[in-house]
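Asker: coords below, sequence missing:
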């Protein structure tokens, strides 16, 4: 195989993923190599597919080995509207090109990133209780009360996972409901935090901790669901709880730095940022203990640059990973190679048909993901499986708060 393999086509595919869709880029070369990546439109980013398809005209005919050059050219062509959906499209294309290059060389993608530092990566069970409360039609068994929350905490421990992350819930007549005004559900644009929210959040955390026991690390994701005042109220309310981290999203690095300096718990953030330019103000502000990088959004190669900058500021990193199995494998290679890793996010609750969609699924042993040594990302979408589950026309955050 020469070090020049020409890109013949760039395609996009999608399939049903319950409350959202999974999306994929398929890059085919004139040599017959196929590279894959997974991207997402459901996390507040409709239109990524259209951007990829429009940009593909500048990708076809290029040398797939020159992924940095292609990324720079696409950035130049889209510079006036850099960021947002366009940046996500660039990341998706970059990730598929990395898969092509690694397969052409017959090596795992982590070898392109400097080689692996670790064979296994500690993971935390993300959206623990969250998926079974918010999406009971797809994630079983449904959780309908605090006893169910306590039970899933025990399940985490029994399945030998060592960390779990949950979200904010309020309980009406004992029944939990997701509280996410930052995403418009309920529609409360002022996103204030009152005593009811604080009391219910503490009940929820105490129940899941009671089930898991004292040796499982507990993480809390607050997303964009408060302003600075509200985040501080929450941190004070849970001050005496043993928290691995509290995850906070805000578009203001100074506000986050102010929160962190008063927090009794480590703060993680930045999962919605795109590119090193957006991360740097948070680093210089010393705004968080752990920088969360969405590698499907940013591109794994570009994410390594962000992680290197984080190292300069004495900050560890963690990948944002709540998508399909291909994204998990992409993040696994990032985690295998990056020196300053804290922990890896993953969803253990899965759709009934997730295993049908990919050639290989992640392997977990004692709360760790085993890094595969297969060429490329180590898994591919199963196109027959994708066709068996055609995508829906709606889903993701755009559906939050809408009446069914």
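Answerer: That came through, no problem. In this text, all values refer to a predicted model and were calculated from it rather than measured experimentally.
Asker: Counting residues, which helix of the protein comes out longest?
Answerer: Counting by DSSP state H, the longest helix found in the chain is helix 84-105.
Asker: And that helix, what's buried?
Answerer: 85-105 (16 or more other Cβ atoms under 10 Å). Where you see a C-beta, it was placed from the backbone N, CA and C, and this is true even at glycine.
Asker: And for stretch 351-365?
Answerer: Neighbour-count burial for stretch 351-365 [16+ other Cβ under 10 Å]: 351, 354, 357-358, 360, 362, 364.
Asker: what's next to that stretch, contact-wise?
Answerer: For stretch 351-365, contacts defined as Cβ atoms under 8 Å, 6 or more residues apart in numbering pick out 15, 17-18, 22, 120, 123, 138-139, 161, 324-326, 328-329, 332, 346, 348, 369-370, 372, 374, 378-382, 385-386, 388-389.
Asker: just stretch 181-196 next, same as before
Answerer: Against stretch 181-196 from outside (Cβ under 8 Å, 6+ apart): 44, 170, 178-179, 223-227, 229-231, 233-234, 249, 397, 400-401.
Asker: ok, 10 Å please
Answerer: Stretch 181-196 is contacted by residues 43-44, 134, 168, 170-172, 177-180, 197, 201, 222-227, 229-234, 237, 249-250, 397-402 when judged by Cβ atoms under 10 Å, 6 or more residues apart in numbering.
Asker: For that stretch, measure first residue to last.
Answerer: Taking Cα to Cα, to the nearest Å, stretch 181-196 runs 14 Å from one end to the other.
Asker: Now that stretch: average pLDDT?
Answerer: Averaged across stretch 181-196, pLDDT comes to 96.
Asker: In that stretch, which residues are buried?
Answerer: Neighbour counts using 16+ other Cβ under 10 Å place 181-183, 185, 193 of stretch 181-196 among the buried residues.
Asker: For those, give me TSV that also has distance to residue 5 and secondary structure.
Answerer: Converted to TSV, the buried residues of stretch 181-196 look like this (distance: Cβ to Cβ, whole Å; DSSP: H, G, I helix; E, B strand; the rest coil):
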residue	distance to residue 5	secondary structure
181	49	helix
182	44	helix
183	42	helix
185	46	strand
193	54	coil
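Asker: nearest to residue 148, of those?
Answerer: Proximity of these to residue 148 (Cβ to Cβ) peaks at residue 185, which lies at 20.7 Å.
Asker: Can you give me the distance of that closest one to residue 145?
Answerer: Separation of residue 185 from residue 145 (Cβ to Cβ, to the nearest Å) stands at 21 Å.
Asker: swap in residue 96?
Answerer: Residue 96 sits 44 Å away from residue 145, going by Cβ to Cβ.
Asker: try residue 53
Answerer: Separation of residue 53 from residue 145 (Cβ to Cβ): 46 Å.
Asker: cool, residue 311 as well?
Answerer: On the measure of Cβ to Cβ, residue 311 and residue 145 end up 44 Å apart.
Asker: Turn the buried residues of stretch 351-365 into TSV, including distance to residue 282.
Answerer: TSV is the format used below for those (distance: Cβ to Cβ, whole Å):
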residue	distance to residue 282
351	33
354	33
357	35
358	33
360	35
362	29
364	31
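Asker: In stretch 281-296, which residues are buried?
Answerer: Judged by neighbour count (16+ other Cβ under 10 Å), stretch 281-296 contains these buried residues: 282-283, 285, 287-296.
Asker: OK, contacts around the closest residue to residue 202 other than its chain neighbours?
Answerer: By the measure of Cβ to Cβ, 6 or more residues apart in numbering, the closest residue to residue 202 outside its immediate chain neighbours is residue 237, 6.0 Å from it. Under the criterion of Cβ under 10 Å, 6+ apart, the neighbours of residue 237 are 193, 195, 197-199, 201-202, 205.
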